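**Q** Quick one, structure for this:
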Amino acid sequence: MSQDKQPLYIQVAEEMRNNIRTDKWLPNTKIPTEYDLCDIYHVSRITIRKAIDELVRDNLLEKKKPVGTFVKSIDAEPYKNYTLVKSFTMEMKEIGLNVETLKVNVIVSHADPHIAKYLNIKPGDKIIILKRLRGVENNGFAFFKTYLKFEEYYSLKSSDYYGSLYQYLNSLNIYMVDDKEIVESILPNKEIALWLKISSSTPVLKRLRFTSSTDKMHHEYTECYYIGSEYKYFIDFSKINH
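**A** Predicted coordinates:
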């Protein structure tokens, strides 16, 4: 391993995460045994176990006793409900809160195989990653990490993303209508904990959102993380057509 100041298990977890991102470890396949991983990374079994636990917490791996540990797969194919996607800003207004964006980072990067699948592009294509801290009264309780296919007409100024993302897209005549969400409770990794200013033992609600535009030319994938004690997620089943 490198001489990185990070704990060994974090370094191993990152290398294993890259195996998943690059499809070296494919979805639904079994990863090497703990003993094999010890030989591969030249670390102790305790370190390997902690690294695996880190990726289980990130919902990238799944332990299946007694057969082993497998790469998890998330089906990103949208359901055809054609409902106009409601922004987080609107959700908060409906419960009487005026949410604000407290911090924005705009990053131009390249899609790994998983993000490429979600955005319907090729691995290596340029993408924009928006990292936003949302909250009320200068108190952040939600961290959003949004992935979009790079377009020349998308702004790279962080100041343009302090409002509703969907309102910004609407101003470009892009209307997001298809919406699929996956919600689960997790413990935060280091990045999430730093953005939300919480400890690694504080539960967060993880909400994955997949959307596409009316013309199917634009796709969005967002990872939303909410501090568990500050946010509740409601579903009104009376409005769902069975």
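**Q** Please, where are all the helices along the protein?
**A** Taking DSSP state H as the criterion, the chain contains helices spanning 8-21, 34-41, 45-57, 88-94, 113-119, 165-171, 190-196.
**Q** what does the first one contact?
**A** Helix 8-21 is contacted from outside by 1-2, 4, 24-25, 31, 37, 41, 43, 47-48, 50-52, 54-55, 58, 60-61, 71, 112-114, 190, using CB atoms under 8 Å, 6 or more residues apart in numbering. In short, each C-beta sits where N, CA and C put it, glycine included.
**Q** quick one: buried residues of it?
**A** Residues of helix 8-21 classed as buried by neighbour count (16 or more other CB atoms under 10 Å): 8, 9, 10, 11, 12, 13, 16, 17, 19, 20, 21.
**Q** Got the domain ranges for the protein?
**A** Using automatic domain parsing, the domain parsing of the chain gives 8-71, 88-239.
**Q** which of these has the lowest average pLDDT?
**A** Ranked by mean pLDDT, those bottom out at domain 88-239, which scores a mean of 85.
**Q** Take the helices of the chain and write them to JSON lines, including distance to residue 135.
**A** Listed next are the helices of the chain as JSON lines, based on distance: least, CB to CB, whole Å:
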{"stretch": "helix 8-21", "distance to residue 135": "27"}
{"stretch": "helix 34-41", "distance to residue 135": "38"}
{"stretch": "helix 45-57", "distance to residue 135": "24"}
{"stretch": "helix 88-94", "distance to residue 135": "10"}
{"stretch": "helix 113-119", "distance to residue 135": "26"}
{"stretch": "helix 165-171", "distance to residue 135": "16"}
{"stretch": "helix 190-196", "distance to residue 135": "9"}
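**Q** out of these, which comes closest to residue 126?
**A** Nearest to residue 126 among the helices of the chain is helix 113-119 (10.7 Å), distances taken as CB to CB.
**Q** Please point out which parts of stretch 18-32 sit buried.
**A** By neighbour count on 16+ other CB under 10 Å, the buried set for stretch 18-32 is 19, 20, 21, 25, 27, 31, 32.
**Q** Can you lay out those residues as TSV showing distance to residue 167?
**A** Putting these into TSV (distance: CB to CB, whole Å) gives the following:
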residue	distance to residue 167
19	38
20	34
21	31
25	39
27	34
31	42
32	47
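**Q** May I ask which two of those are separated the most?
**A** 21 and 32 (16.9 Å).
**Q** How many residues are close by residue 199?
**A** The number of residues packed near residue 199 is 9, by other CB atoms under 10 Å.
**Q** picking up where we left off before, which of the contacts of helix 8-21 are buried? Put it as a PyMOL command.
**A** Restricted to buried positions by 16+ other CB under 10 Å, the PyMOL selection for those reads:
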select buried, resi 25+31+37+41+43+47+48+50+51+52+54+55+58+60+61+71+112+113+114
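**Q** quick one: furthest residue from the center of the protein?
**A** residue 39 (30.9 Å; CA atoms, centre = their mean).
**Q** so how far is residue 50 from the residue nearest in space to the middle of the chain?
**A** Nearest to the geometric centre of the chain sits residue 223, at 2.9 Å (CA atoms, centre = their mean). As judged by CB to CB, to the nearest Å, residue 223 and residue 50 stand 23 Å apart.
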